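Asks: need a structure here:
(chains A and B)
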Amino acid sequence: MNRIHKLHGSNHHEIGLEHGSLHVFANDEVFGTFEDRVYEMADNNLRIPRSVYMSYTPDAHIGIGTCIGTTAVWGLKDGFVSPSIVGVDIGCGMRVHTTPLHKRDIQDKGVRRALIRAIEKYVPTNERKNSNYEDIDVMEVVQHGLQGLPERYVPGERWLTHVEQASFAFDPAALEYLPPNIRKNAHGQLGTLGSGNHFCEIQYLEIAEEHKDTAAAWGLFDGQVVVMIHSGSRAWGAMLGREYTQVIRGAMQSWGVTNPDPNVIYAPIGSTEGRTYLNLMNSALNFAVSNRHMIAFGVQEAFREVFGPQMELPVLYDLMHNYALKEFHRNQGMLVHRKGATRALPPKHYMNTPAYMATGHPALIPGSMGTSSYIMVGRDEGIKNFYSICHGAGRLRSRRATKQAVTVDQFEQSLKVGTEDEILVNHRSLAAILDECPQAYKDVDQIIDSVVGAGLADVVAKCRPMAAIKGL
DNA sequence: ATGTTC
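Replies: Below you'll find the model as predicted:
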């Protein structure tokens, strides 16, 4: 494939491909690791007409149809929406709750083990379909997001305000076209973690000296214990995504639209298919934000069981990295797809939720198990990438390849098993989650260095893992 | 990612 390479400044590359240009944000070390296949995928996606902008963050890696780590933008008037650029885990995202605890309060392994056990009790991880909240009407939640939750599950106003978006518009006319089993399968899944890379981690903060004012404004302090949650829309989003991908695939055939990659799926935003997809996607975003809310509710219950009923875990922020959002840029309405990309708005940007208007909002970036996660804040310069930064370390090896390349011993070493600083895990057997070991991921510090060096965002706090709860 | 793959 012909490629024309331009360098726009530190860590910002523009690659001219056959069907348009792709921006890549990566330092030299990470940039050198991108293989031909990720450029081929971008080129196939650039065949979708009238693309305004497309980019990779440094964590980009192969996905179905579109790389995970893609930001892709179309004008609302004449643009396209693509279920394959949203991805299969619609509404997947991050959430952080602070605690009043210092890391020394939970340094004792017995205390941390008690916390893990308590969290497992309130946040089901290894059994399917056993939510503790079967009294919640899932249909209310998918239509109204957090507004659809019963009041007894909203511990405070802050739980509704410190989120990227509490509720997404959903037209109930679509209810009669839902896949037949979706209610049955999604019922009982609210407040459950799911599997794969989803997790709940207990971490402590290292505040970045240059941004300690922002950290203080957010209520963060050095050594503070926080809880980070990574989960999505579970079966609800998966079933909708799969079904509607097939619908649009059929529509593309009837329109005579083809792509070299059969997994690149798209429809005009204004078409019946496009509008219906966005409507259904919104129901999955509502499920996803409510699911993370209920996981956090369970985590707070668990902390109360261990530390007493007065324990409060205020939400820092909840935001997603798999969706397509209508945003206003360059004086016009745009549809911004983020597939494994996180919005990071700078201070004073109008799209900030009011609570974070002055400072910009926390952008929550997970590492891999055993490595650091990050709490970041966007910079004004981030506009060059439509305020998108990375979504994590990014997978380096497939699950299969990881299981072949890495031993359980090596995994144990990376978790410092047997030492005072051991990162405790809920699973008795690490073999079961070997495909989630740090060796399966890129070096998150290189990813963060790429983002900071490109001027997209700054680090406010580094989050060091102390205990991890993973689903199966 | 997912009650998983026509």
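
Asks: how many neighbours does A:N259 have?
Replies: 16 (other CB atoms under 10 Å). Bear in mind the C-beta positions are built from the backbone N, C-alpha and C, glycine included.

Asks: how near is it to DNA strand B?
Replies: 19 Å (CB to the nearest atom of the strand, to the nearest Å).

Asks: can you pull the pLDDT of that residue?
Replies: Note on A:N259: pLDDT of 96.

Asks: isn't it right up against A:N44?
Replies: Yes: counting by CB atoms under 8 Å, A:N44 is a contact partner of A:N259 at 5.8 Å.

Asks: how about the closest residue to DNA strand B within the stretch 151-300 of chain A, phi and psi?
Replies: Shortest the stretch 151-300 of chain A-to-DNA strand B distance, computed as CB to the nearest atom of the strand: residue-wise this is A:G196, at 1.5 Å. Here the main-chain torsion angles of A:G196 (degrees, to the nearest 10) amount to phi 70, psi -130.

Asks: List the contacts of A:R112.
Replies: A:I106, A:I202, A:L424, A:M466, A:A467 (CB atoms under 8 Å, 6 or more residues apart in numbering).

Asks: Out of those, who's the most crowded?
Replies: Neighbour max across these (other CB under 10 Å) = A:I202, 26 neighbours.

Asks: Could you find the closest non-adjacent residue to that residue?
Replies: Residue nearest to A:I202 in three dimensions, not counting chain neighbours: A:A467, with 4.2 Å by CB to CB, 6 or more residues apart in numbering.

Asks: With A:F307 instead?
Replies: Closest to A:F307 by CB to CB, 6+ apart is A:L101, at 7.5 Å.

Asks: Do any residues in the helix or strand harbouring the one you found lie close to DNA strand B?
Replies: Using DSSP states H and E, A:L101 sits in strand A:93-102. No: on the criterion CB under 7 Å from any atom of the strand, strand A:93-102 is out of touch with DNA strand B, staying 11.8 Å away.

Asks: Show me what from chain A comes close to DNA strand B.
Replies: Residues of chain A lying near DNA strand B (CB under 7 Å from any atom of the strand): A:88-89, A:92, A:128-129, A:185, A:188-189, A:194-198, A:231-232, A:234-235, A:238, A:242, A:471.

Asks: one step back: didn't the residue nearest to A:F307 look like it was pressed against A:G223?
Replies: No: judged on CB under 8 Å, A:L101 makes no contact with A:G223 at a distance of 9.2 Å.

Asks: Give me the more crowded residue out of the two.
Replies: A:L101 (19 against 14).

Asks: mind checking pLDDT for the more buried one?
Replies: A:L101 is given a pLDDT of 98.

Asks: That one and A:Q107: what is the separation?
Replies: 11 Å (CB to CB, to the nearest Å).

Asks: now the strands: where do they sit in the stretch 1-150 of chain A?
Replies: For the stretch 1-150 of chain A, the strands defined by DSSP state E, counting those that start in this stretch occupy A:4-9, A:12-17, A:20-25, A:51-61, A:68-75, A:80-81, A:93-102.

Asks: Can you verify my assumption that the residue nearest to A:I202 contacts A:V225?
Replies: No: the criterion here is CB under 8 Å, and A:A467 misses it with A:V225 at 9.9 Å.

Asks: shared neighbours of the two, anything?
Replies: A:I106, A:I202.

Asks: Tell me the buried residues in stretch A:311-330?
Replies: A:311, A:313, A:315-325, A:329 (16 or more other CB atoms under 10 Å).

Asks: repeat for stretch A:242-250
Replies: Within stretch A:242-250, the residues scored as buried using 16+ other CB under 10 Å are A:Y244, A:T245, A:V247, A:I248, A:R249.

Asks: what's the burial count for A:H427?
Replies: With other CB under 10 Å as criterion, A:H427 counts 16.

Asks: sec struct for the nearest residue in space to it that is not next to it in sequence, please.
Replies: Nearest residue to A:H427 in three dimensions, chain neighbours excluded: A:I433, at 5.8 Å (CB to CB, 6+ apart). Of the three states, A:I433 takes helix according to DSSP: H, G, I helix; E, B strand; the rest coil.

Asks: wait, isn't A:I433 in contact with A:L472?
Replies: Yes: counting by CB under 8 Å, A:I433 does reach A:L472; the two are 7.3 Å apart.

Asks: between the two, which one's more packed in?
Replies: Legend: neighbour count by other CB under 10 Å for A:I433 and A:L472, higher for A:I433 (20 against 14).

Asks: Pull the contacting residues for the more buried one.
Replies: A:M369, A:V425, A:H427, A:K470, A:L472.

Asks: Mark which of these are part of strands, please.
Replies: Using DSSP state E, the subset of the contacts of A:I433 located in strands is A:V425, A:K470.

Asks: dump the residue contacts of the residue nearest the centre of chain A.
Replies: In chain A, the residue lying closest to the centroid (CA atoms, centre = their mean) is A:G93, at 3.0 Å. Residues in contact with A:G93 (CB under 8 Å, 6+ apart) are A:E164, A:H230, A:S231, A:G232, A:A288, A:V289, A:R292, A:D318, A:L319, A:M320, A:H321, A:N322.

Asks: number of nearby residues for A:F307?
Replies: Around A:F307 there are 18 residues (other CB under 10 Å).

Asks: Next: A:Y177.
Replies: Quick note: A:Y177 (other CB under 10 Å) scores 12 neighbours.

Asks: so what's it up against?
Replies: So A:Y177 contacts A:T276 (CB under 8 Å, 6+ apart).

Asks: A:E14 too?
Replies: So A:E14 contacts A:H5, A:K6, A:L7, A:H8, A:S21, A:L22, A:H23, A:V24 (CB under 8 Å, 6+ apart).

Asks: which stretches of chain A have low pLDDT?
Replies: Flagging of chain A using pLDDT under 70 yields the residue ranges A:126-130.

Asks: My guess is A:P49 contacts A:G75. True?
Replies: No: at 11.0 Å, A:P49 does not count as touching A:G75 under the criterion of CB under 8 Å.
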